[in-house]
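Trainee: no sequence on this one, just coordinates:
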């Protein structure tokens, strides 16, 4: 209910999307699956080489951030202690992430963790990409949903997301 109230006050500017014009990319990641970090690092490298700045906001289910994730300048973390009583993120890092004008938001949240879904919904990014886990697009904050097989594969999701994002707005696919 609180999320719906906050969403009512937000307005997003819908605009044409072209991947090559994207400057800032925000990525939401469920770090519960730490083994998927290699795929996230590969995506970060690919986007950075394309001249895009990347900011990752990761959900850490425990109290301690894994050693291999600390020290990464492009990554911020969300823990249980950063949530209010309604499970909405209230930390400074969450506020900064939401205030940043991302051109593209990629939500890698296979477990549909509410905290990350709330940030995706509250984001004003003009293009939001996320997994289609329940087949209910009308209840989703995403502009592009990728149907992922079970069990969820981060590598497959990222590959498909980048493929379809590259098709959207390209001169070859314009009508």
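Mentor: The structure has been received and is ready for your questions. Keep in mind that what you see is a predicted model, and the values were worked out from it rather than measured.
Trainee: any low-confidence regions in this protein?
Mentor: Applying pLDDT under 70 to the chain picks out residues 1-16, 135-139, 169-175.
Trainee: show me where this structure has its strands.
Mentor: According to DSSP state E, the chain carries its strands in the segments 24-30, 53-59, 75-78, 104-108, 128-132, 144-147.
Trainee: the first one - contacts with which helices or strands?
Mentor: Counting by 3 or more Cβ pairs under 8 Å, 6 or more residues apart in numbering; DSSP states H and E, the packing neighbours recorded for strand 24-30 are helix 37-49, strand 53-59, strand 104-108, helix 114-122. For glycine as for every other residue, the C-beta is placed from the backbone atoms N, C-alpha and C.
Trainee: closest to residue 168 out of these?
Mentor: strand 104-108 (10.7 Å; Cβ to Cβ).
Trainee: how about residues contacting that closest one?
Mentor: Outside strand 104-108, the residues within contact range by Cβ atoms under 8 Å, 6 or more residues apart in numbering are 17, 19, 22, 24-30, 36, 40, 43, 116-117, 120, 123, 125, 127-131, 142, 154, 157-158, 161, 165.
Trainee: again, only using 6 Å
Mentor: Strand 104-108 is contacted from outside by 22, 25-29, 120, 123, 125, 127-130, 154, using Cβ atoms under 6 Å, 6 or more residues apart in numbering.
Trainee: that one: partners in the sheet, and parallel or antiparallel?
Mentor: Here strand 104-108 has these sheet partners by DSSP bridges: strand 24-30 (parallel), strand 128-132 (parallel).
Trainee: dump the ones you listed to TSV, plus mean neighbour count and distance to residue 81.
Mentor: Formatted as TSV, the strands paired with strand 104-108 follow (neighbours: other Cβ atoms under 10 Å; distance: least, Cβ to Cβ, whole Å):
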stretch	mean neighbour count	distance to residue 81
strand 24-30	23	17
strand 128-132	22	25
